[in-house]
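Engineer: Here's my sequence, what's the structure:
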Amino acid sequence: MHDFNLKMVKVFIVTAVFSVVLSMIGGISLLKDNYYWKARYFVLQWDYLKTKIEFAKYDSGNIANLFIDKRSQSALATDSSEKAKSIPVLLYHGIIDESDWQSDGVNISLSDFKSQMFALKKEGYQAITLAQFLGFMQEDKYLPEKSILITFDDARHDSYYMADPIFRVLDFKAVMFVITGRSVGEESKKSIFHLSEDELRKMIESGRWEVGSHTQNGHGLEKIDANGVTGHFLSDKVWNDSLGRMETNEEYDQRISRDLAGSKRDLERTLGVSVLGFAYPFGDYGHNTQNYSESKNILAGKVNALFPVAFRQTGESEFPSNYPGKDFRLVKRINVSSDMTKDQLLFLVNAGQEKKLPYEDTFVENHGWLTGWGSSELQNGLLLTRASVSEDSSLTFLNGTYDWTDYQMNATAKLIQGNAFAAAIRYVNGNNYASCDFSIGGVSLSQRVGGQESILAELNKNLPIILNENIPMGIGVVGNKATCYIEGREAVSGLLSPKLNHGGIGFKTWDNTINNSSLLISNLKVNSWP
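Structural biologist: Predicted coordinates for the structure are as follows:
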């Protein structure tokens, strides 16, 4: 009897151990695909705690700040009487945390990204949502003066997992533009580069992130002729090897339609969200096409029909920020890469705040002068603009003046090299502005609209323009009438295109010879007019 009982005890123990092991195996099997039991999730929590301590030290040098609710501070800032006149949008790709990583001009190091976000927070910036931004652009939503929209392209692991702990600490929000063909579906679970469906869901659930479309399978290079030349999926027609020909207009139209609609459908059905935004891959909205000039108009129509707001990259001769009531179908984004320092980023967003009239500049400190082309810099209380070694002209313009309308600008110009210079008004970008053009042979009022230049009025008379001599000059605009001045006297006037109804100031110089034009500006004053 004793032996029987002992055997029963052994059987019970073996059965119990087996059951426990079986349960553990079953539990592990159930948890292995659970987001909260993955190493990445625990790393996120650890990075959050580290970042919280780092920002407390950065913000005031006091770890006691760990116990301050940053969200309540953001809520108070929303009640600020100063309202945003424009909003900058930042674009990031990957965030790299590798000691041996070399700058590649596309991605950014974790330390640089963190310092940029910390600096923006300390400067009082608030990261807004896509819906808030769209409401602002449609002129039906007011936002605090220091509002900013942060975006990421490609839905990469290294952008989300590096940025999220920082955003959690700072109470920042961001938009992730997803290539759905790489992040939605069973195959996405195998990717070590792009986020999976599960990760996208958890990202959205945090309340810090929202998603937009970056195409379904359109983020890549396609063969666009028989010789193997490659081009962009959206803006070029593709070559069909099996048929030995280029796709037809109708085939292009169908391919693009399927991809754009498919990306929106993937996100909305899979993640249960409403998709507001689309980001053009490579920033190419059809303007860089190699073989199909109509793609720009076709793309715009299809994107606009599906998405309320679309994004591209800012051009070199454009104001970096975005203004309400203007074209939110092609929102500009500042591409922040490893080449941009924290101070350069702060300069762009701070100098983009609206400048009020009257305005005066002594050029001791740069308050927002940007280079359209050529180069520009401050030298001993002077603004210098000059052509580069490969150009015959240069242009510089003042950030934060995009919404100016009626004003008069006066300054002293000194032509160092070249045969002509100009004072620009109603400057919108390098293809849209008016200017008073000064040369020894006379002065003319000209305008550039949609890249087409025309002379509105001119005075063919020898002027007192001598190299290295100071020349008082000016330009004024009220309504659509512009007037040029030299040495305090009116020289010529004319009527501008109705399309040039707002814009800022700038200066330009040129010559017939490459790298042979430079101009110094001093004593700048701008007053409302009349």
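Engineer: alpha carbons only for contacts and neighbour counts from here, please
Structural biologist: Fine.
Engineer: Please spell out which residues along stretch 462-470 are buried.
Structural biologist: Ile465, Asn470 (16 or more other CA atoms under 10 Å).
Engineer: start to end distance for that stretch?
Structural biologist: 16 Å (CA to CA, to the nearest Å).
Engineer: ok, now stretch 234-254?
Structural biologist: In stretch 234-254, first residue to last residue: 11 Å (CA to CA).
Engineer: outside of it, which residues touch it?
Structural biologist: 218, 222-226, 256, 284-292, 295-296, 298-299 (CA atoms under 8 Å, 6 or more residues apart in numbering).
Engineer: What strand or helix carries the residue sitting nearest the centre point of the chain?
Structural biologist: Residue closest to the average C-alpha location in the chain (CA atoms, centre = their mean): Arg333, at 1.6 Å. Arg333 is located in strand 331-335, with elements delineated by DSSP states H and E.
Engineer: residues making contact with that strand?
Structural biologist: By CA under 8 Å, 6+ apart, the surrounding residues in contact with strand 331-335 are 88-92, 309-314, 320-322.
Engineer: A strand includes Asp100, no?
Structural biologist: No: Asp100: not assigned to a strand; according to DSSP: H, G, I helix; E, B strand; the rest coil it is coil.
Engineer: and it, how far is that from Ser115?
Structural biologist: Taken as CA to CA, the span from Asp100 to Ser115 is 19 Å.
Engineer: Ala482 now?
Structural biologist: 45 Å.
Engineer: Which one's more surrounded, those two?
Structural biologist: Ala482 (25 against 16; other CA atoms under 10 Å).
Engineer: Is that one part of a helix or strand, or is it coil?
Structural biologist: What three-state DSSP gives for Ala482 is strand.
Engineer: what's across from it in the sheet?
Structural biologist: Val477, Gly494 (DSSP bridges).
Engineer: ok, it - contacts?
Structural biologist: Leu445, Ile475, Gly476, Ser493, Gly494, Leu495, Leu496.
Engineer: quick check, nearest of those residues to Phe233?
Structural biologist: Minimum distance to Phe233 across these is 39.4 Å, recorded for Leu496 (CA to CA).
Engineer: Can you pull the phi/psi pair for the closest one?
Structural biologist: Here is the backbone geometry of Leu496 (degrees, to the nearest 10): phi -90, psi 160.
Engineer: For it, give me its contacts.
Structural biologist: Applying CA under 8 Å, 6+ apart, the residues contacting Leu496 are Ala434, Gln447, Leu456, Asn480, Lys481, Ala482.
Engineer: Kindly recompute the last result at 7 Å.
Structural biologist: Asn480, Lys481, Ala482 (CA atoms under 7 Å, 6 or more residues apart in numbering).
Engineer: would you list those residues in a markdown table and tack on distance to Gln353 and pLDDT?
Structural biologist: As requested, the contacts of Leu496 are exported to a markdown table (distance: CA to CA, whole Å; pLDDT from 0 to 100):
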| residue | distance to Gln353 | pLDDT |
| --- | --- | --- |
| Asn480 | 25 | 97 |
| Lys481 | 27 | 97 |
| Ala482 | 26 | 97 |
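Engineer: From those residues, pick the one nearest Thr385.
Structural biologist: Checking these one by one against Thr385 (CA to CA), the nearest turns out to be Ala482, at 23.7 Å.
Engineer: And the strands in the stretch 101-250 of the chain?
Structural biologist: Taking DSSP state E, counting those that start in this stretch as the criterion, the stretch 101-250 of the chain carries its strands at 108-109, 126-127, 147-153, 174-178, 209-213, 221-223, 230-232, 239-240, 245-246.
Engineer: now the contacts of stretch 234-254: which count as buried?
Structural biologist: Neighbour counting by 16+ other CA under 10 Å classes 218, 222-225, 256, 284-286, 288-290, 292, 295-296, 298-299 among those as buried.
Engineer: Could you list which of these belong to strands?
Structural biologist: Among the buried ones among the contacts of stretch 234-254, DSSP state E puts Glu222, Lys223 in strands.
Engineer: domain parsing for this protein?
Structural biologist: Domain ranges of the chain: 11-35, 76-349, 355-528, per automatic domain parsing.
Engineer: Tell me which of the ones you listed lies nearest to Trp46.
Structural biologist: Among these, domain 76-349 sits nearest to Trp46 (CA to CA), with 8.7 Å.
Engineer: Low-confidence regions, the stretch 351-500 of the chain specifically.
Structural biologist: 464 (pLDDT under 70).
Engineer: dump the residue contacts of the nearest residue to Asp406 once chain neighbours are set aside.
Structural biologist: Once flanking residues are discounted, Asp406 sits nearest to Val478: 4.6 Å by CA to CA, 6 or more residues apart in numbering. Contacts for Val478 (CA under 7 Å, 6+ apart) come out as Asp406, Tyr407, Trp529.
Engineer: right, and the last one touches Asp406 too?
Structural biologist: Yes: the pair Trp529 and Asp406 qualifies as a contact (CA atoms under 7 Å) at a distance of 5.3 Å.
Engineer: which of these two has more neighbours?
Structural biologist: Asp406 (21 against 15).
Engineer: ranges for the helices of this protein?
Structural biologist: With DSSP state H as the criterion, the chain has helices at 2-31, 39-60, 70-77, 110-122, 130-137, 157-170, 180-183, 197-205, 249-271, 295-306, 342-351.
Engineer: Now tabulate those helices in a markdown table and tack on distance to Pro358.
Structural biologist: A markdown table is the format used below for these (distance: least, CA to CA, whole Å):
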| stretch | distance to Pro358 |
| --- | --- |
| helix 2-31 | 65 |
| helix 39-60 | 35 |
| helix 70-77 | 28 |
| helix 110-122 | 28 |
| helix 130-137 | 26 |
| helix 157-170 | 36 |
| helix 180-183 | 50 |
| helix 197-205 | 46 |
| helix 249-271 | 47 |
| helix 295-306 | 39 |
| helix 342-351 | 16 |
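Engineer: out of those, which comes closest to Ser393?
Structural biologist: Comparing the helices of the chain by CA to CA, helix 342-351 comes nearest, at 23.5 Å.
Engineer: what's the angle between the closest one and strand 331-335?
Structural biologist: Helix 342-351 and strand 331-335 are oriented at 150 degrees to each other (axes from the mean of the first three to the mean of the last three CA atoms, to 10 degrees).
Engineer: Just list what helix 342-351 packs against, helices and strands only.
Structural biologist: If you count contacts as 3 or more CA pairs under 7 Å, 6 or more residues apart in numbering; DSSP states H and E, helix 342-351 packs onto no helix or strand.
Engineer: Tell me where this protein is predicted with low confidence.
Structural biologist: In the chain (pLDDT under 70), the answer is 1-38, 61-81, 187-188, 464.
Engineer: Output the strands of the stretch 101-250 of the chain as a markdown table; include the columns distance to Ala424.
Structural biologist: A markdown table is the format used below for these (distance: least, CA to CA, whole Å):
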| stretch | distance to Ala424 |
| --- | --- |
| strand 108-109 | 35 |
| strand 126-127 | 33 |
| strand 147-153 | 29 |
| strand 174-178 | 36 |
| strand 209-213 | 38 |
| strand 221-223 | 39 |
| strand 230-232 | 36 |
| strand 239-240 | 45 |
| strand 245-246 | 45 |
